[in-house]
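Trainee: show me how the following folds:
(4 chains)
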Protein chains: 2
Amino acid sequence: MSTLTLDAPQAAFRALADPTRRAILVLLKDRAMTIAEVANNFDMTRAAVKKHLTILTQGGFVQVTPQGREKLNEIVPQGFAPITNWLTYFDLFWDEKLTDLAAAIEADLNIQSPKETK
Amino acid sequence: MSTLTLDAPQAAFRALADPTRRAILVLLKDRAMTIAEVANNFDMTRAAVKKHLTILTQGGFVQVTPQGREKLNEIVPQGFAPITNWLTYFDLFWDEKLTDLAAAIEADLNIQSPKETK
DNA sequence: TTGACATGATACCTTTTGGTTTCGCATTAA
DNA sequence: TTAATGCGAAACCAAAAGGTATCATGTCAA
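Mentor: So this is what the prediction gives:
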């Protein structure tokens, strides 16, 4: 089966949409943790937490580093870039200062968005 | 039936999770539009667009102003605040961390290569 | 080698989500 | 008044999301 691949902003926004996943990021910002360690902080099974970590990884927020029989889940600061860029696009617009960042954002949105304009 | 109310960040992150809704925000940043007008830009029914606009309103991104028999959907710049605040939390953390890292690196360099006198 | 441990993977279930149709209600234009 | 217009709301549907339980696999320690 094909694992449908989302564009970076979509994968990132999707990852942040769930409160558990945002809480996991808050946890991981202090230090890297194994899955079991992360799971200890939540009222759900390790399997569920593993799914959340996978989505966070797809979103570019988490990087996994095998270490013996464990796997360390580490936060990736650069993963926040697509989100901040998207928000900056609006800030810039409101400041009436459009840059080529606008083109990148519009290109991303055009992947699925409005019908032929014009 | 209870309409469960989400906290502000959750409602905001949820609203941004869908690509159509992000595209709607890009549309509305130029000017306020009626539902039908927004719907003209997408390949879906007016009812579907209405649902998206409702979620954007719940997320604090859109404000509706009745005007005769029409309703103008207007973007609300302040709606982005919960998101930017959340991101700022991480940025602040990493700023400290980078500072600590810089200090550690400088200390290490002073030990390893004391030659470098500036 | 053997067993315990940390994780991966799969099947399955329920709720949410994103979409459609259809109908009803105000408001405006004729 | 009548007819068209712009919305709102409800019923319905398929797919995705969030969770569980269960089993398989690789790695470490004794």
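Trainee: per-residue confidence at the closest residue to residue A:61 other than its chain neighbours?
Mentor: Take residue A:61 and drop its neighbours on the chain: the residue closest to it by C-beta to C-beta, 6 or more residues apart in numbering or on different chains is residue A:79, 3.9 Å away. All C-beta spots, glycine's among them, are computed from the backbone N, C-alpha and C. Note on residue A:79: pLDDT of 95.
Trainee: and for residue A:79, the neighbour number?
Mentor: 22 (other C-beta atoms under 10 Å in any protein chain shown).
Trainee: run a quick check on it versus residue A:9, I expect a contact.
Mentor: No. Counting by C-beta atoms under 8 Å, residue A:79 does not reach residue A:9; the two are 11.4 Å apart.
Trainee: which residue ranges of chain A form helices?
Mentor: A:8-16, A:19-28, A:35-39, A:46-58, A:81-94, A:101-110 (DSSP state H).
Trainee: out of those helices, which is closest to DNA strand D?
Mentor: When the helices of chain A are compared by C-beta to the nearest atom of the strand, helix A:46-58 sits nearest DNA strand D, at 3.5 Å.
Trainee: if you count neighbours, what's buried in that closest one?
Mentor: Using 16 or more other C-beta atoms under 10 Å in any protein chain shown as the test for burial, helix A:46-58 gives A:49, A:52-53, A:55-58.
Trainee: same question for stretch A:25-32.
Mentor: Quick answer for stretch A:25-32 (16+ other C-beta under 10 Å): A:25, A:27-28, A:32.
Trainee: who's in contact with that stretch?
Mentor: A:33, A:38, A:41, A:56, A:61-62, A:65, A:72-75, B:90, B:93 (C-beta atoms under 8 Å, 6 or more residues apart in numbering or on different chains).
Trainee: could you give the average pLDDT over that stretch?
Mentor: pLDDT averaged over stretch A:25-32 gives 94.
Trainee: cool, and stretch A:35-46?
Mentor: 97.
Trainee: show me what from chain A comes close to DNA strand C.
Mentor: A:34-37, A:46-47, A:50, A:64, A:69-71 (C-beta under 7 Å from any atom of the strand).
Trainee: now the residues you listed: which count as buried?
Mentor: The buried subset of the residues of chain A next to DNA strand C (16+ other C-beta under 10 Å) comprises A:35, A:37, A:71.
Trainee: what's around the nearest residue to residue A:84 once chain neighbours are set aside, how many residues?
Mentor: Once flanking residues are discounted, residue A:84 sits nearest to residue B:87: 6.0 Å by C-beta to C-beta, 6+ apart. Around residue B:87 there are 15 other residues, counting by other C-beta under 10 Å.
Trainee: contacting residues around the closest residue in space to residue A:22 that isn't next to it in sequence?
Mentor: Once flanking residues are discounted, residue A:22 sits nearest to residue A:16: 6.0 Å by C-beta to C-beta, 6+ apart. With contact set as C-beta under 8 Å, 6+ apart, residue A:16 has these partners: A:22, A:59, A:83, B:13, B:16-17.
Trainee: which one of the residues you listed sits closest to residue B:99?
Mentor: Distances from residue B:99 to those, taken as C-beta to C-beta, are shortest for residue A:83 (23.1 Å).
Trainee: roughly how far does the nearest residue to that closest one once chain neighbours are set aside sit from residue A:85?
Mentor: Once flanking residues are discounted, residue A:83 sits nearest to residue A:12: 5.4 Å by C-beta to C-beta, 6+ apart. Residue A:12 is 10 Å from residue A:85, where distance means C-beta to C-beta, to the nearest Å.
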